[in-house]
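give the three-dimensional model of this entry:
(chains A and B)
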Amino acid sequence: MIAGISIYEILTLTSILFFIGIYGFFTRENLITVLMSVELILNASAVNFVLINTYLYPDLLQGAVFSIFIVALAAAETALAIAIIINLYKIIYSVEVKDTETMKY
Amino acid sequence: METIIFYILAAVIILFAVASVTSRKILRAVVYLLFVLIGIAGLYFLIDYNFLAAIQLTVYGGGIIVLFIFAVLLIHHVELELEKTALKKKLIAGLLSAAGLAVTLWAIFTYQFPETYPAYTSIEVADIGLILLSYEDGGFILPFEVISVLLVAVMIGAIIVAKGKKLVEDGSPKSEEGSKI
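Below you'll find the model as predicted:
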């Protein structure tokens, strides 16, 4: 835990980060920037796992382990999504959300 | 001292997160996202979780951001500006996020967390390794293996998706539909 900082302040920080990510997810119209907003959301939740673990249950490790899994999942998801986006650009020459209308080819 | 560092980190994280979702130059947005991720790594250092801070710096700062920059440079011209989002859409999204934030903060501040926190020692890498590979109650061997299988599947999938057309051209009739436009 951080000396002098209560759990409320940190949870406020991560909630603000999470909803900034949600805002970006709603307003962005480019697939890459939407993906960046998803990264923000995932990061906020990973910080929450670690913080609640260290503040409330310091003798357990479950939250720490889950944050590692979140990082692994985020990396996997980003790699796959960027492969799909680049492939999509090869086919329709655009990565705007409104231009992607078909899933197949 | 730690309090001051925490507030500086919080300000950096929130400012750059806002800049990252509102900037219209896409490469700049990626760099702002990098600053947010580094700020979060600083937060992990502050709570003495060095292992995850290192992971955050290498996987996010080193890997994911480079992937994003590659994708941006392959797809966009560097100077290209994104389309402006409609004001109405921005307003609705802002209101929805603010409402969600208000509900979340209300839930957090009305919940009674314990006043005093238990004594805390930093999370050691050895402990994480032991619990990840433990077969006993509360061990994480199964999710660990599932994640490794998932990573292999994602690697193969990303390679196949990214090279797409060539594989299809090897004899399957689908290739002509795939290569039109």
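
element containing the closest residue to chain A within chain B?
Nearest to chain A in chain B, going by CB to the nearest CB, is B:Val21, at a distance of 3.1 Å. From N, CA and C alone the C-beta is placed, and that goes for glycine too. Using DSSP states H and E, B:Val21 sits within helix B:2-22.

please look at the residue of chain B closest to chain A and A:Asn30 and confirm they touch.
No: assessed by CB atoms under 8 Å, B:Val21 is found out of contact with A:Asn30, at 11.6 Å.

more crowded one of these two?
Higher neighbour count among B:Val21 and A:Asn30: B:Val21, with 25 against 20, using other CB atoms under 10 Å in any protein chain shown.

once you drop chain neighbours, what's closest to the more buried one?
Closest residue to B:Val21 apart from its sequence neighbours, by CB to CB, 6 or more residues apart in numbering or on different chains: A:Gly24 at 3.1 Å.

surely that neighbour touches A:Ser37?
Yes: if you go by CB under 8 Å, A:Gly24 and A:Ser37 touch, sitting 3.4 Å apart.

what touches both of those two?
Residues touching both A:Gly24 and A:Ser37 (CB atoms under 8 Å, 6 or more residues apart in numbering or on different chains): B:Val21.

quick one: contacts for the residue of chain B closest to chain A?
By CB under 8 Å, 6+ apart, the neighbours of B:Val21 are A:Ile20, A:Gly21, A:Tyr23, A:Gly24, A:Thr27, A:Arg28, A:Thr33, A:Met36, A:Ser37, A:Leu40, B:Ala29.

about what we covered before: A:Gly24 and A:Ser37: which is more packed in?
Set side by side, A:Gly24 and A:Ser37 show more neighbours around A:Gly24, with 26 against 23, by other CB under 10 Å.

got the domain boundaries for chain B?
B:1-84, B:124-171 (automatic domain parsing).

what's the least confident stretch among these?
Mean pLDDT is lowest for domain B:124-171 out of the domains of chain B, coming in at a mean of 81.

how distant is it from the center of its chain?
Distance of domain B:124-171 from its chain centroid, counting by CA atoms, centre = their mean, to the nearest Å, is 17 Å.

does that domain reach chain A?
Yes: contact check for domain B:124-171 against chain A, using CB under 8 Å from any CB of the partner chain: residues in range are B:127-128, B:131-132, B:138, B:140, B:143, B:147, B:150-151, B:154-155, B:157-159, B:161-162, B:164-165.

how about the contacts made by the residue nearest to B:Ile13 when sequence neighbours are not counted?
Spatial nearest neighbour of B:Ile13, excluding adjacent residues (CB to CB, 6+ apart): B:Gly39 at 4.1 Å. B:Gly39 sits next to B:Leu9, B:Val12, B:Ile13, B:Phe16 when contact means CB under 8 Å, 6+ apart.

residues touching the third one, list them.
By CB under 8 Å, 6+ apart, B:Ile13 lies in contact with A:Leu13, A:Leu17, B:Val36, B:Gly39, B:Ile40, B:Leu43.

go on, the last one?
Contact partners of B:Phe16, counting by CB under 8 Å, 6+ apart, are B:Tyr32, B:Leu33, B:Phe35, B:Val36, B:Gly39.

any chance of these in a markdown table with secondary structure and distance to A:Tyr55 as columns?
Shown next, in a markdown table, are the contacts of B:Phe16 (DSSP: H, G, I helix; E, B strand; the rest coil; distance: CB to CB, whole Å):
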| residue | secondary structure | distance to A:Tyr55 |
| --- | --- | --- |
| B:Tyr32 | helix | 29 |
| B:Leu33 | helix | 27 |
| B:Phe35 | helix | 26 |
| B:Val36 | helix | 22 |
| B:Gly39 | helix | 19 |
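
closest to B:Val66 among those residues?
The closest of the contacts of B:Phe16 to B:Val66 turns out to be B:Leu33 (CB to CB; 12.0 Å).
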